[in-house]
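Chemist: here you go, sequence then predicted model.
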Amino acid sequence: MLATCLYMDVAAVQAQTLMSISTGGAKPAPVMHTPPADANDTPEEIAKDSARDLKGRRFYNRPGATRAQYDADWQACRLIARGSRTPSGSIPFFYNPAVMSPVAAGIGGGLGGLLADVIAEGKQRRINRQTCLLIRGWRMVEVPTAAAIRVEAMTDAERSRYFDTVVGATQVDGVVTERTSFVQIDDPAIRLDTPLAEAGTVFLGKKVDAASPLVLAPGEAAVVMAFRRTDPRSAGRSALVQLARHDVTGRDLVYRPKNWKKTGDKTVYDLSIGSSDRKAPYEVQVMRVTPGDYVIASTAVAAKVATTINCFGAPGFHVGPGEVAYIGDFMPVVNAKLANGTTTTKLFHTMNITDARRTLSVSQPTVSAALKPAALYNRATYACSAMTMDRWDISGVPPLPETLPVAAEGLR
């Protein structure tokens, strides 16, 4: 993998300095602006490449769009799926091996080991490119056989004119695949609000006494979440939630530097939160973290390593020094039958801070009293480094603003 230059300007460096001061000295990833396009990426070359997904049997469509807009989005999604751009258009921090190795860039080390193989895998790249286009509002249209045969019989010039028109058509003939929602399904068969019969268990970390009072050190914060198993279909199910430190200015993860041991860096860059007691109906997890911004990067049911990452848009939150932030309950269900007759295996999210406070009040009354709901936001993007790239929005949560006032950044 070739080293890639990082592009920064003075304003970006100033913003990073402000954030570094407010997060206890931990420097976020540099704000990286998109460098000049490759000389081979001319409009003609891009149009030629993007035509790979304009076939007689299948094409992409977005009502009102132009062929040039399709070409631009296709090229952007190709670079993102290839791993050489973040969804915001910058160069991933891990793309410069002189600064950060791909393995070290993975969340908790679990995803980074997959990076090199995944980026080289053409099939997975195509899947992620398709996901990217669908998230950007494009529809994939699978054309009826008779119509596909007519298009395939056209000359190259005729076919090009046909697609120039059809990519932006309002009405299309065929099977349409599109994505218009990124929130979890709201199904009456999934009872996320079933009351707790009794207070649950508390987990403060391996070999840590849950009854020993938790005292945060100066410059430290805590994140609280719970695994909820009040639905019979969630009983005994294990789950995984991965958090990663996020640079809201540079729109990328904040990666652990190569020399972190040498410099004595104690910053929390990532957390893999797995079930400690899968038999517990309610399991509250309290994690010490470095103050700053984090994303819910990935979730999984009954797995030790997640293979899907929310890099096209993840829920994020900020936690300040001394704060105890609650990010929600997560309920794992496997092969759960929905009201419409289909089944799902998923880690559902809900907010129920009352149950978390009640459980904590038994062994950690101080933490219970300090617990506050995190101010969640959606659409935090960053470099993709997983088998499957996706987006997850929490219903009713506002998006992360496209631009942040410098004053606000300084307070983070």
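Modeler: Arrived safely.
Chemist: for residue 325, give me its contacts.
Modeler: Residue 325 makes contacts with 221, 222, 223, 224, 317, 319, 372, 373, 374, as judged by C-beta atoms under 8 Å, 6 or more residues apart in numbering. C-beta: built from backbone N, CA, C; applies to glycine.
Chemist: then residue 236?
Modeler: Taking C-beta under 8 Å, 6+ apart as the test, what residue 236 contacts is 229, 278, 279.
Chemist: verify the stated contact: residue 88 with residue 251.
Modeler: Yes - using C-beta atoms under 8 Å, residue 88 is in contact with residue 251, at 3.8 Å.
Chemist: looking at these two, which is more packed in?
Modeler: The residue with more neighbours, out of residue 88 and residue 251, is residue 251; 22 against 18, by other C-beta atoms under 10 Å.
Chemist: quick one, phi psi at the more buried one?
Modeler: phi 60, psi 50 (degrees, to the nearest 10).
Chemist: same list, the contacts of residue 236, but as JSON lines with secondary structure please.
Modeler: Output for these, formatted as JSON lines (DSSP: H, G, I helix; E, B strand; the rest coil):
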{"residue": "229", "secondary structure": "coil"}
{"residue": "278", "secondary structure": "coil"}
{"residue": "279", "secondary structure": "coil"}
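Chemist: weed out the non-buried ones from these.
Modeler: The neighbour count (16 or more other C-beta atoms under 10 Å) marks 229, 278 as buried among these.
Chemist: leaving out the residues flanking it, which one is nearest to residue 260?
Modeler: Nearest residue to residue 260, sequence neighbours excluded (C-beta to C-beta, 6 or more residues apart in numbering): residue 267, at 7.8 Å.
Chemist: how many neighbours does that neighbour have?
Modeler: Counted with other C-beta under 10 Å, residue 267 comes out at 18.
Chemist: where does it fall, helix, sheet strand or coil?
Modeler: Going by three-state DSSP: residue 267 is coil.
Chemist: so which of the contacts of residue 236 is the closest to residue 356?
Modeler: Closest approach to residue 356 among the contacts of residue 236 (C-beta to C-beta): residue 229, at 14.3 Å.
Chemist: dump the residue contacts of the closest residue to that closest one other than its chain neighbours.
Modeler: The spatially closest residue to residue 229, leaving aside those adjacent along the chain, is residue 281, at 5.1 Å (C-beta to C-beta, 6+ apart). Each residue near residue 281 by C-beta under 8 Å, 6+ apart is listed here: 196, 197, 198, 200, 228, 229, 230, 235.
Chemist: pLDDT-wise, what's the bottom of the residues you listed?
Modeler: When those are compared on pLDDT, residue 198 comes out least confident, at 83.
Chemist: any idea how far residue 55 is from residue 172?
Modeler: Distance check for residue 55 against residue 172: by C-beta to C-beta, to the nearest Å, it reads 14 Å.
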